[in-house]
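**Student:** have a look at this prediction, sequence included:
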Amino acid sequence: MPTVASIEGYEIRVLTRNEHRPRHVHVFKADWEPRVRIGELAEFWDIKYGAPSNREVRRAIELVGQYLDACNMKWEECNGHL
């Protein structure tokens, strides 16, 4: 599970076993994990598990947005051009 970035306790990762659309990353922090769609922008997809606050989810999306190019490159490296 390659890590794209680790900042402020958030881990942005691409799961290599997730060979399905939509193109997305997982953001891990404490005991929750939102999934964020990636492409030309970062947008909330869903919460895989846990119950983060709205503020935490917004921050996760902001961080993915800051690393969007790296997220897209890592997705293609791990999953090809799905």
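**Tutor:** It's in.

**Student:** centroid-nearest residue for this structure?
**Tutor:** By C-alpha atoms, centre = their mean, the chain has its centre lying nearest to residue 25, at 2.7 Å.

**Student:** since we're on residue 47, how many residues are nearby?
**Tutor:** Neighbourhood size, residue 47 [other C-beta atoms under 10 Å]: 13. Placement of C-beta: from N, CA and C, glycine included.

**Student:** how many other residues sit next to the nearest residue to residue 27 once chain neighbours are set aside?
**Tutor:** Take residue 27 and drop its neighbours on the chain: the residue closest to it by C-beta to C-beta, 6 or more residues apart in numbering is residue 60, 4.1 Å away. Residue 60: 26 surrounding residues under other C-beta under 10 Å.

**Student:** next up, the contacts around residue 60.
**Tutor:** Remark: with contacts taken as C-beta atoms under 8 Å, 6 or more residues apart in numbering, residue 60 is in contact with 10, 27, 29, 34, 36, 52.

**Student:** counting neighbours, what do you get for the residue nearest to residue 43 when sequence neighbours are not counted?
**Tutor:** Leaving aside its chain neighbours, residue 43 sits nearest to residue 37 (5.0 Å; criterion: C-beta to C-beta, 6+ apart). Neighbour count for residue 37, taken as other C-beta under 10 Å: 17.

**Student:** okay, and the beta partners of residue 37?
**Tutor:** Judged by DSSP bridges, the bridge partners of residue 37 are residue 24, residue 43.

**Student:** gap between residue 43 and residue 31?
**Tutor:** From residue 43 across to residue 31, the span is 23 Å (C-beta to C-beta, to the nearest Å).

**Student:** more neighbours, the two?
**Tutor:** residue 43 (14 against 9).

**Student:** how about the contacts made by the more buried one?
**Tutor:** Contacts here follow C-beta under 8 Å, 6+ apart; on that basis residue 43 touches 36, 37, 61.

**Student:** okay then, goodbye and thanks.
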